[in-house]
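> curious how this folds, go ahead:
(2 chains)
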Amino acid sequence: MKPRKVPTPGWNFEYLMWLFIRISGAAMFLLALIGFVGALAMGARTQMDLGTLMRWTFFPNPNHVLNSNIVDIAPWANAYWQIMQLAIVFFGATHGFNGLRLILEEYIHSWGWHMFLRLVLLILWLITLGAGFFLVLTS
Amino acid sequence: MTLPRRVPLSAALRYRGGGPMWAWILHRISGLSMIIFVALHVLAGFGIQQLGSDWAIWYNTLYESLAFQLFIYFCVIFHAVNGLRIIILDTWPALIKFQREFIWLEWAIVLPVYALTAWIMIQNSLGG
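Numbers count the residues shown, from 1 in each chain, chains lettered A, B, ... in the order given. Prediction:
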């Protein structure tokens, strides 16, 4: 039995993604907190039900609060919240697709399949990011 | 670079890892659910706005149903708190001595937060 290949410690791809998963996870905590506090500061206490407040917290998009009983939608739609949304979409999609890659690679042991799955996930990641960014910038 | 391990299912089911093992399984299930459903939700949003697709409307109606919201909200809360536990234990490895206590602490946060929200969501959907 030949010894298994262990990646050299240091700044390799797996280490960078390990680091990214933790940083993006913490970043999404912060972004959700900003959305939550921001919504309350803009009057969510009287204008929103709980479901709408949660939708705003996890993805502060005016489309998410459009059907609620909000008198003036203007404070909910501006560049500041668009930047927050872009950050959430980027961190969320990248965190999630990397997690999907980690899970798939734990159950599939062939190098060829790994490379194929990485290509498929890379394309899906870019499509999701593209659709998400388009929605943020046009709503 | 995983080792190919040949563990039969019967042996895997007999493994008793306790709290951390269940947290690992739930973290995996909730993470998979979120990336699949949220990615589809983003694509459905694009489909509704740009194409008016029937599947996108159908999917978002499903997404907004109470059962689905309760499920995905559990995934979000559990994945978030468990992720925080992982970050803390990875950053301060000395705390691994208390990993069982961390599991209890985690459930002590997740369950009340989830139960309160679920209660309000169910009451609202019943017209309360």
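
> when you work out contacts or count neighbours from here on, use the C-alpha atoms and nothing else.
Fine.

> report pLDDT for the residue nearest to the spatial centre of chain B.
When chain B is reduced to its mean C-alpha position, the closest residue under CA atoms, centre = their mean turns out to be B:Cys75, at 2.2 Å. Looking at B:Cys75, its pLDDT stands at 94.

> for it, what are its contacts?
Neighbour list for B:Cys75: B:30-31, B:33-34 [criterion: CA atoms under 8 Å, 6 or more residues apart in numbering or on different chains].

> now it, what's its secondary structure?
Classification of B:Cys75 into helix, strand or coil gives helix, according to DSSP: H, G, I helix; E, B strand; the rest coil.

> can you tell me the SS state at the residue nearest to B:Tyr59 when sequence neighbours are not counted?
Using CA to CA, 6 or more residues apart in numbering or on different chains and skipping residues adjacent in sequence, the residue nearest B:Tyr59 is B:Ala44, 6.9 Å away. The three-state label given to B:Ala44 by three-state DSSP is helix.

> test my guess that B:Ala44 contacts B:Ile57.
Yes - the pair B:Ala44 and B:Ile57 passes the contact test of CA atoms under 8 Å, sitting 7.3 Å apart.

> could you report the pLDDT at the residue nearest to B:Tyr59?
In this model, B:Ala44 is scored at 89, pLDDT.

> repeat that for A:Met1.
Looking at A:Met1, its pLDDT reads 66.

> what's the helix or strand for the residue in chain B that chain A sits nearest to?
Taking CA to the nearest CA as the measure, chain B has B:Ile35 as its residue closest to chain A, at 5.2 Å. Assignment of secondary structure by DSSP states H and E places B:Ile35 within helix B:19-46.

> that helix: which residues count as buried?
Across helix B:19-46, burial judged by 16 or more other CA atoms under 10 Å in any protein chain shown covers B:19, B:23, B:26-28, B:30-35, B:38-46.

> now do stretch B:64-84
When neighbours are counted by 16+ other CA under 10 Å, the buried residues of stretch B:64-84 are found to be B:69-70, B:72-84.

> what do you get for stretch A:106-119?
For stretch A:106-119, burial by neighbour count (16+ other CA under 10 Å) applies to A:114, A:117-118.

> in helices only, show me the residues you listed.
A:114, A:117-118 (DSSP state H).

> element containing residue 103?
You didn't say which chain, so I picked chain A. Per DSSP H and E, the secondary structure element for A:Ile103 is helix A:79-107.

> if you could check chain B rather than the one you did, that'd help
Secondary-structure assignment from DSSP H and E places B:Ile103 in helix B:99-125.

> now do that helix and helix B:19-46, the angle between them.
With axes from the mean of the first three to the mean of the last three CA atoms, to 10 degrees as the basis, helix B:99-125 and helix B:19-46 are set at 40 degrees to each other.

> okay, the residue of chain B most remote from its centre: pLDDT?
For chain B, the largest distance from the centre (CA atoms, centre = their mean) belongs to B:Leu51, which lies 30.6 Å off. At B:Leu51, the predicted lDDT confidence score is 84.

> can you tell me how far it sits from B:Ala44?
For B:Leu51, the distance to B:Ala44 under the criterion CA to CA, to the nearest Å works out to 10 Å.

> again, but for A:Ile103
Distance from A:Ile103 to B:Ala44, counting by CA to CA: 25 Å.

> what of A:Leu66?
For A:Leu66, the distance to B:Ala44 (CA to CA) stands at 17 Å.

> ok, now B:Thr91?
B:Thr91 is 38 Å from B:Ala44, by CA to CA.

> brilliant, that's me finished.
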